[in-house]
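Asks: Model the following, please.
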Amino acid sequence: MKVLLFGGAGYIGTHVALAFMDRGDEVGIYDNLSSGLRSNVPDGAAFYEGDILDRARVAEVLSEGWDAAVHLAAFKAAGESMLKPEKYSENNITGSLILITECEKHDCMNFILSSSAATYGEPQYLPIDEKHPNDPTNYYGYTKLAIEENLKWYSKLRGMRFAALRYFNAAGYDTEGRMLGLERNPANLLPIIMECACGIRKQIGIFGTDYDTPDGTCIRDYVHVSDLAEAHVLAAKYISEEKENLIVNLGSEKGISVKEMVEAARRITGKEIPAVDSPRRAGDPARLVASSALAHEKLGWTARKSDVDTLISSTWMVYQKNVSK
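Replies: Next comes the predicted model:
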């Protein structure tokens, strides 16, 4: 299969590229390098610099002929999306429509979307499955849902096949050490913990210690990025062979609390990692855990590397090679 990854030089995109290449597929990476890194592009993958808003450039690259497209080029900071909705509407919605329409014009009819559990909003029940209502609480989540809805219409009107993969919390790095580029300006828990372990940050804040959870801190569903990457490969195969669209959750189905993550990181890194109890953040639910039963059923997918020790050790390996003192 010949697969073009939009946003493929980023943290998740690089792992997805490796997963396709491990299967023997031909991979192209299209990226404007605003957050991705040229050094992340694996040897053997074709690289095309360009922005998803540049319709002419997108069309030029798609004219080379591709069997499937993977869209990983959306902005993803939920908090920023509430302050700069115009930035997210232009890139995530307008940019995605350019990709979808140009893929259809160039007969690239298998489309895999990097979507998000942010489409669900506040959990009405746990674990969250695909039947859970979609009611995003931030504009980022809305843009992902809008892309999914447009893909449904293009499937009805033009015969495009798509898979929307709703990630929970992506974490970890390639356990073979093939991806060493750090995320730029990380905002997620594990990279922040690693920055403390490396001395880049003095401490981390634990936002809320009085939740109705065993240790009082928030519980989240962390899924290893290599497990996510494998799901993209399986989804591309599924929609191309079964001729059926797919919307599935990708989570480990196991919750890890903030304190559990910090304590495990201290054990694995041998670093103190100072933590300060801080007030709750508005809108943070106590628990977010996925049901990935549909991904198991349709794709035969399981989160095999998403235990807390693998998440932390694979991340620590990369931080040590980059910035550890």
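Asks: outside of the worst-scoring helix or strand of the chain on mean pLDDT, which residues touch it?
Replies: Here the helix or strand of the chain ranked lowest by mean pLDDT, DSSP states H and E is helix 78-83, holding a mean of 92. Outside helix 78-83, the residues that touch it by C-beta atoms under 8 Å, 6 or more residues apart in numbering are 75, 87-88, 118, 138-141, 143, 187. Heads up, the C-betas are built off the backbone N, CA and C, glycines and all.
Asks: Quick one: low-confidence residue ranges for the stretch 201-325 of the chain.
Replies: For the stretch 201-325 of the chain, the stretches with pLDDT under 70 are 324-325.
Asks: quick one, helices of it?
Replies: Remark: helices assigned in the stretch 201-325 of the chain by DSSP state H, counting those that start in this stretch are 225-242, 258-269, 293-299, 308-322.
Asks: now, which of the contacts of helix 78-83 lie within strands?
Replies: Among the contacts of helix 78-83, none falls in strands (DSSP state E).
Asks: Need the buried ones from these selected in ChimeraX.
Replies: Selecting only the buried entries of the contacts of helix 78-83 in ChimeraX, with 16 or more other C-beta atoms under 10 Å as the criterion:
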select :75,88,118,138,139,140,141,143
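Asks: pLDDT and distance to R57 added to the contacts of helix 78-83, as TSV?
Replies: Output for those, formatted as TSV (pLDDT from 0 to 100; distance: C-beta to C-beta, whole Å):
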residue	pLDDT	distance to R57
F75	95	19
K87	98	20
Y88	97	21
A118	95	28
N138	93	30
Y139	95	26
Y140	96	25
G141	95	28
T143	98	22
A187	76	29
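Asks: Same list, the contacts of helix 78-83, but as TSV with distance to E263 please.
Replies: Converted to TSV, the contacts of helix 78-83 look like this (distance: C-beta to C-beta, whole Å):
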residue	distance to E263
F75	32
K87	37
Y88	35
A118	27
N138	29
Y139	34
Y140	30
G141	30
T143	35
A187	21
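Asks: Closest to D309 out of the contacts of helix 78-83?
Replies: A187 (23.2 Å; C-beta to C-beta).
Asks: do you know how far the closest residue to that closest one other than its chain neighbours is from V27?
Replies: Spatial nearest neighbour of A187, chain neighbours left out: A77 (6.3 Å); criterion: C-beta to C-beta, 6 or more residues apart in numbering. Distance of A77 to V27, computed by C-beta to C-beta, to the nearest Å: 27 Å.
Asks: Compare these two (neighbour count), which wins?
Replies: Under the criterion of other C-beta atoms under 10 Å, the comparison of A77 against V27 puts V27 first, with 24 against 15.
Asks: Can you verify the more buried one is assigned to a strand?
Replies: Yes. Counting by DSSP: H, G, I helix; E, B strand; the rest coil, V27 is located in a strand.
Asks: Quickly note the distance from it to D107.
Replies: Distance from V27 to D107, by C-beta to C-beta: 19 Å.
Asks: swap in D43?
Replies: 29 Å.
Asks: Compare the two (neighbour count), which wins?
Replies: D107 (10 against 6).
Asks: So that one lies in a strand, does it not?
Replies: No. With three-state DSSP as the criterion, D107 is located in coil rather than a strand.
Asks: Can you tell me, leaving aside adjacent residues, what's nearest to it?
Replies: Nearest non-adjacent residue to D107, counting by C-beta to C-beta, 6+ apart: G65, 7.8 Å away.
Asks: What of K105?
Replies: With C-beta to C-beta, 6+ apart, the residue lying closest to K105 is A59, at 7.2 Å.
Asks: Following the chain past the helix or strand where that neighbour lies, name the next helix or strand.
Replies: Using DSSP states H and E, A59 falls within helix 55-62. The first helix or strand that comes after helix 55-62 along the chain, using DSSP H and E, is strand 68-71.
Asks: Need phi/psi at the residue lying closest to S240 once chain neighbours are set aside.
Replies: For S240, ignoring the flanking residues on the chain, the nearest one in space by C-beta to C-beta, 6+ apart is N110 at 4.9 Å. Backbone torsions of N110, given as degrees, to the nearest 10, read phi -110, psi 120.
Asks: ok, now which ones touch N110?
Replies: Counted by C-beta under 8 Å, 6+ apart, N110 has contacts 67-69, 160-162, 236, 239-240.
Asks: How much space separates G7 from F162?
Replies: Relative to F162, and taking C-beta to C-beta, G7 is found at 16 Å.
Asks: Contact partners for T175?
Replies: Neighbour list for T175: 226, 305, 310, 314 [criterion: C-beta under 8 Å, 6+ apart].
Asks: tell me the contacts of the closest residue to the second one other than its chain neighbours?
Replies: To tie it back to what came earlier, the one meant is K305. Distance criterion C-beta to C-beta, 6+ apart; nearest residue to K305, sequence neighbours excluded, is H224 at 4.0 Å. Applying C-beta under 8 Å, 6+ apart to H224 gives the contacts 171-172, 252, 303-306, 310-311, 314.
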